[in-house]
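>>> Need coordinates for the below:
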Amino acid sequence: MSEPTSPDPDPQNTPGLEPGGGVAPGDTPPGESSTSEAMHHQPDTGSRGANWMAYVIIGVVVVFAALFFVGYAIGLAD
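Residues are numbered from 1 along each chain as shown. Take a look at the predicted model:
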């Protein structure tokens with residue numbers, strides 16, 4: 001069974017590294033990934049009407065839950 005290999009670059013084979021593992025002043029350290037790649041396209045959201053309908057449904061559920069707990073608290077107080 002072989003040992004698992006690390007996805008990180010091997011410091012022995014990475015150009016630009018100084019003996020202690022640092023980089024020379026002004027040199028860019030090696031990176032594991034880059035943020036300069038093209039970003040993935042974000043999918044379009046639903047229509048505005050569908051979004052507002054979801055907000056209304058969530059709001060109604062929150063109001064009913066709040067009324068339930070208020071009623072429960074009043075019931076405990078009696």
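>>> quick one: average confidence on the helix or strand containing G49?
In this assignment (DSSP states H and E), G49 forms part of helix 48-77. Helix 48-77 carries an average pLDDT of 93.
>>> And for stretch 27-41?
pLDDT averaged over stretch 27-41 gives 61.
>>> start to end distance for it?
When the termini of stretch 27-41 are compared using CA to CA, to the nearest Å, they are 32 Å apart.
>>> same question, stretch 5-12
15 Å.
>>> which residues does F69 contact?
Shown in contact with F69 (CB atoms under 8 Å, 6 or more residues apart in numbering): no residues. No exception for glycine: its C-beta is placed from N, CA and C like everyone else's.
>>> Next one: it relative to E18, how far apart?
Computed as CB to CB, to the nearest Å, the F69 to E18 distance reads 63 Å.
>>> now swap in G26 and tell me
13 Å.
>>> buried ones in stretch 41-49?
For stretch 41-49, a neighbour-count test (16 or more other CB atoms under 10 Å) marks nothing as buried.
>>> what does that stretch contact?
Contacts for stretch 41-49 (CB under 8 Å, 6+ apart): N51.
>>> Start and end of it, how far apart?
Across stretch 41-49, first to last residue, CA to CA, it's 23 Å.
>>> okay, now L17: neighbour count?
17 (other CB atoms under 10 Å).
>>> and it, what pLDDT?
You'll see L17 listed with a pLDDT of 70.
>>> Beta-bridge partners for it, please?
Beta-bridge pairing of L17 under DSSP bridges involves V23.
>>> That one against T28, yeah?
No. Between L17 and T28 there is no contact under CB atoms under 8 Å: 11.5 Å.
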